[in-house]
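A.B. asks: Test case, fold it:
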Amino acid sequence: MSWTTPAELKAQVQKLWDRGILLSSFCGSEEIFPPCLTLKGPDSRELSDSFTEMRDWIARLSGAAKQYRIVWRSVNHRILGTNELPAEIWIDSLDDALGLIGKRQEARQFAAMVKLSRDEQPALLSWLAKRSLRALELAEK
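C.D. replies: Sure thing, here's the model as predicted:
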């Protein structure tokens, strides 16, 4: 069973951070929210063969769903009847994404840099949008 775990959802959001996409949104770049994360769940055969594991998987996803939203779908299984399964996972806001990966403090620091640049040197905004993580590294020195 290679169903998506809460840790894998967090890793997907971490990739958005690592690519600078989350921080670049402070610079007025394209709006990325809400992104739909990749979710792999049980197929029809796994529903009946691994019903207990499926329920545990749903409980783990639901239990960790503080910073993401689960969209449910009804599945009518020939043996198990109708069940509600996670169909999609959405991150509704930048704050939710930052909370999921523990990067709110760094984001506040970057937002302050963007505000200062917007007020003092607006020409730097495009560089900040493209090199957001590098800007944070330089700010720490």
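A.B. asks: ranges for the helices of this structure?
C.D. replies: For the chain, helices defined by DSSP state H occupy the ranges 6-18, 21-24, 44-49, 51-63, 94-101, 104-120, 125-130, 132-140.
A.B. asks: what's the neighbour count on A7?
C.D. replies: Counted with other CB atoms under 10 Å, the neighbours of A7 add up to 9. (C-beta placed from N, C-alpha, C; glycine too.)
A.B. asks: In contact with it, which residues?
C.D. replies: Not one residue lies near A7 by CB atoms under 8 Å, 6 or more residues apart in numbering.
A.B. asks: per-residue confidence at it?
C.D. replies: Per-residue pLDDT puts A7 at 96.
A.B. asks: Give me the mean pLDDT for stretch 57-73.
C.D. replies: Stretch 57-73 shows a mean pLDDT of 94 in the predicted model.
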